[in-house]
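Chemist: Requesting a structural model of the entry that follows:
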Amino acid sequence: MESSKTFHIEANKTHQDVSGGNLDKKFANGMAENVVWHKCSVQKIDRQELLQQKGCVIWITGLSGSGKSTLACALARGLHMRGKLTYILDGDNVRHGLNKDLTFKAEDRVENIRRIGEVAKLFADAGVISIASLISPYRKDRDACRALLQEGDFIEVFMDIPLQVCEARDPKGLYKLARAGKIKGFTGIDDPYEPPLKSEIVLQQMGEICPSPSDMADVVISYLERNGYLQA
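Modeler: I've put the predicted structure just below:
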């Protein structure tokens, strides 16, 4: 009983210290100073050996209607047929769960991308080929996600499809709504899209002909093969 009483007092004291701010110092990035990473004996390299692939993030960026989600699915299918494990983090799909509390205001769009970047990083650490598909219009946000990963683990794929082509497709009817003033801050219309400057892969429309999703997926898969991502 005496031992339990002593433990209770010490536990309360610790709680008071934390809530009182003695241990709750913050780093510049907002993380509490007393949060410590717990290392496990099973590391990324072990998981990669198990899966016979290298965990990475394939970040597909481009205007709405450029074909990001279509490419992501074609890429996942192509890699699946090669026995490789992938997972797609689609911008719209993630907003149905993890990010359903976020709006499309500027600060929420930044947070949306940050969260997806962190989740993609976890998948890559698990040895999975993570495919993130979202507009992500600002370079600084994409660069921040790249900075989360080790050199070479972030592969940026730029869907370099002209605005007029994307607007002509308009699969969700969003450009029409934006032109009518019913959607504010729509990327490409009244909000800028900052194209990547040094993407690992750029996929473009050749004249009037746009490559098929499977052809574009093959370009990405060829890059992964050449750079050793499809083996441990």
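
Chemist: Then Ile58 would be within a strand, right?
Modeler: Yes. Per DSSP: H, G, I helix; E, B strand; the rest coil, Ile58 lies within a strand segment.

Chemist: Any idea what it is bridged to?
Modeler: Counting by DSSP bridges, Ile58 is bridged to Ile131, Ile155.

Chemist: Next, count neighbours for it.
Modeler: Residues lying near Ile58 (other C-beta atoms under 10 Å) number 28. For the C-beta atoms, the positions are set from N, CA and C on the backbone; glycine is no exception.

Chemist: Do I have it right that it meets Val128?
Modeler: No. Contact between Ile58 and Val128 fails when scored by C-beta atoms under 8 Å: they sit 10.9 Å apart.

Chemist: Quick check: Phe186 touching Gly173?
Modeler: No. Using C-beta under 8 Å, Phe186 is not in contact with Gly173, being 11.7 Å away.

Chemist: who's more crowded, these two?
Modeler: When neighbours are counted by other C-beta under 10 Å, Phe186 and Gly173 differ, and Phe186 comes out ahead with 18 against 9.

Chemist: And the helices in the protein, which stretches?
Modeler: Residue ranges of the helices in the chain, as given by DSSP state H, are 2-20, 44-51, 68-81, 91-94, 106-125, 139-147, 163-169, 174-179, 213-226.

Chemist: Make TSV from those and add mean neighbour count, mean pLDDT and distance to Tyr193 to it.
Modeler: Shown next, in TSV, are the helices of the chain (neighbours: other C-beta atoms under 10 Å; pLDDT from 0 to 100; distance: least, C-beta to C-beta, whole Å):
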stretch	mean neighbour count	mean pLDDT	distance to Tyr193
helix 2-20	10	41	44
helix 44-51	15	97	33
helix 68-81	19	98	12
helix 91-94	17	96	14
helix 106-125	18	96	12
helix 139-147	16	98	10
helix 163-169	15	96	8
helix 174-179	17	96	13
helix 213-226	16	98	19
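
Chemist: So for Glu200, which of those sits nearest?
Modeler: Among the helices of the chain, the nearest to Glu200 by C-beta to C-beta is helix 213-226 (6.8 Å).

Chemist: Could you export that closest one as CSV, CA atoms only?
Modeler: Taking C-alpha atoms only, helix 213-226 is exported to CSV below (Å, rounded to 0.1, in the frame of the first residue of the first chain):
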residue,chain,number,x,y,z
PRO,A,213,-2.2,5.8,-68.8
SER,A,214,-0.4,2.4,-69.3
ASP,A,215,2.3,4.0,-71.4
MET,A,216,2.8,6.7,-68.8
ALA,A,217,2.9,4.1,-66.1
ASP,A,218,5.6,2.2,-68.1
VAL,A,219,7.8,5.3,-68.1
VAL,A,220,7.6,5.5,-64.3
ILE,A,221,8.2,1.8,-63.9
SER,A,222,11.2,1.9,-66.3
TYR,A,223,12.6,4.7,-64.0
LEU,A,224,12.1,2.5,-61.0
GLU,A,225,13.8,-0.5,-62.6
ARG,A,226,16.8,1.5,-63.8
